[in-house]
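K.L.:
my questions are about this predicted structure, shown below with the sequence.
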Amino acid sequence: MRLSFLFYFILISTSIVLVSCDDKVVFEENTSIENGVWSYKDGKSFEFDIQDTNSLFNFYVNVRNGEEYAYSNLFVFVEMEFPNGKKSIDTLECPLADAYGNWYGRGLGKIFDNRILFRERKRFPLSGHYKVGIYQAMRTDDLPGIHDVGFRLAKSN
């Protein structure tokens, strides 16, 4: 009797985990910032291939900050290089805390994960190899409190 309960519990738990997985994610990669201090010279690069030029996609920037981060937001430059070599560069504001200093994102201890929507429901104009570079654009050369930066690409609804 006890063994069958355990079996069903494991089966149901596994089913919930599998159903809750996000199958819309096409690409996601996060890169650590050495010692949690992000230099303006230290851009983070991400590369992926796209064949589907018909679907709509959402682009996100992932930021993991510590509570030692001194600001309520983070400005970044997002540079995208297309398969034909052309580039686009945008500035993105990443809100990390409210006006009262309460951190946004999911937190575990003193670290907070944020996913900031960068572009919504966009099509890729070309199939091929894409490169994305993310650079900190704050007015400080070395920015303490940023532990990881990433890029996420997901199919839109």
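P.N.:
That came in fine, so what should we check first? Bear in mind the structure is a predicted one, so any value in this text is a computation, not a measurement. Residues are numbered from 1 along each chain as shown.

K.L.:
check whether the residue most central in space within the chain sits in a helix, strand or coil.
P.N.:
With distances taken as Cα atoms, centre = their mean, N62 lies nearest the centre of the chain, 2.4 Å away. What DSSP: H, G, I helix; E, B strand; the rest coil gives for N62 is strand.

K.L.:
so who does it touch?
P.N.:
N62 makes contact with E28, N30, D113, N114, R115, I116, D148, V149, G150, F151, R152 under the criterion Cβ atoms under 8 Å, 6 or more residues apart in numbering. Glycine gets a C-beta too; all of them are placed from N, C-alpha and C.

K.L.:
now with 6 Å?
P.N.:
Contact analysis of N62 by Cβ atoms under 6 Å, 6 or more residues apart in numbering lists N30, R115, G150, R152.

K.L.:
element containing the third one, please.
P.N.:
Spelled out, that is G150. strand 146-155 (DSSP states H and E).

K.L.:
what's that strand packed up against?
P.N.:
Using 3 or more Cβ pairs under 6 Å, 6 or more residues apart in numbering; DSSP states H and E, the elements in contact with strand 146-155 are strand 25-32, strand 57-66.
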